[in-house]
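Colleague: let me see the structure of the following:
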Amino acid sequence: MNAVTAAASPKGKILVVDDDRLVLATVTHGLARAGYEVIDADNGDDAILLAREHKPDLALLDIRMEGKSGFDVAAYLRSSLGTPFMFLSAFADDDTVAQVKALGAVAYLVKPLDIAQIVPTVEAALSSVRARRAPMPASPRPGLAPAAPAAGHDPLADPVPVAVGVLMHRYSLPRAEALVRLQRLAETDGRSLHAQATALLDAVELLSRPAAG
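Modeller: Next up is the predicted model:
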């Protein structure tokens, strides 16, 4: 508990929670190398204490742990601290996915995972969270109010920023160039930007699965 593995970083402060020490060490080390300030815990009780003390920008939570589960921690983070969270889990059954959606997770990644898949997802999640919290820009014309988001729309469920994050990380591109590349792929394949982003993320997930046999 209470391991802070990088100095304060402008990239953001991440809380990582997993009762598998190898997974915890791997994810923590990878995020620290990517420039994040990382705090880790191997159980839910310590995770809540650390979240209260350090106020992380994002939490990465394992789901099934001794004592408080990742769902318990997520519920506390949402109701008491307003901390966004994502899940890293070996389980993808319908009940688990339904709970993940109900809690409002930023993302849900199924183990086994490569740190190269986690880092761009974290980057995209933090970017989306900060964009949502940023002040609304002034209207370009007097009397024209910005449109309100559609009812039930979750800006963090948009696959486009996640796909842009994947391209940024994989090809070392700045965000603007990664977005242009995604747009060109969409035009080439005759898809909408949303559909192209979804297809890219599906391909990444397929490649991350272990080979059969």
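
Colleague: okay, CA-based contacts and neighbour counts for the rest of this
Modeller: Noted.

Colleague: which stretches of this protein form helices?
Modeller: Counting by DSSP state H, the chain has these helices, from start to end: 21-33, 44-54, 70-76, 94-103, 115-133, 159-171, 175-189, 193-208.

Colleague: which parts of the second one are buried?
Modeller: Of the residues in helix 44-54, those with enough neighbours to count as buried (16 or more other Cα atoms under 10 Å) are G44, D45, D46, A47, I48, L50, A51.

Colleague: what of the first one?
Modeller: By neighbour count on 16+ other Cα under 10 Å, the buried set for helix 21-33 is V23, L24, V27, T28, H29, G30, L31, A32.

Colleague: equivalent analysis for the fifth one, please.
Modeller: The neighbour-count criterion (16+ other Cα under 10 Å) identifies 115-129 as the buried residues of helix 115-133.

Colleague: relative orientation of that helix and helix 175-189 in degrees?
Modeller: 100 degrees (axes from the mean of the first three to the mean of the last three Cα atoms, to 10 degrees).

Colleague: which elements pack onto helix 115-133?
Modeller: Here helix 115-133 touches helix 21-33, helix 159-171, going by 3 or more Cα pairs under 8 Å, 6 or more residues apart in numbering; DSSP states H and E.

Colleague: chain center to the last one: distance?
Modeller: Using Cα atoms, centre = their mean, to the nearest Å, the distance from the centre of helix 159-171 to the centre of the chain it belongs to is 12 Å.

Colleague: just the CA trace of it, in PDB.
Modeller: The C-alpha trace of helix 159-171 is given here as PDB (Å, rounded to 0.1, in the frame of the first residue of the first chain):
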ATOM      1  CA  PRO A 159     -14.600   5.100 -29.300                       C
ATOM      2  CA  VAL A 160     -13.000   7.900 -31.300                       C
ATOM      3  CA  PRO A 161     -10.700   9.400 -28.600                       C
ATOM      4  CA  VAL A 162      -9.700   5.900 -27.500                       C
ATOM      5  CA  ALA A 163      -8.800   5.000 -31.100                       C
ATOM      6  CA  VAL A 164      -6.900   8.200 -31.500                       C
ATOM      7  CA  GLY A 165      -5.000   7.300 -28.300                       C
ATOM      8  CA  VAL A 166      -4.100   3.900 -29.800                       C
ATOM      9  CA  LEU A 167      -2.700   5.500 -33.000                       C
ATOM     10  CA  MET A 168      -0.800   8.100 -31.000                       C
ATOM     11  CA  HIS A 169       0.900   5.500 -28.900                       C
ATOM     12  CA  ARG A 170       1.500   3.000 -31.700                       C
ATOM     13  CA  TYR A 171       2.900   5.400 -34.200                       C
END
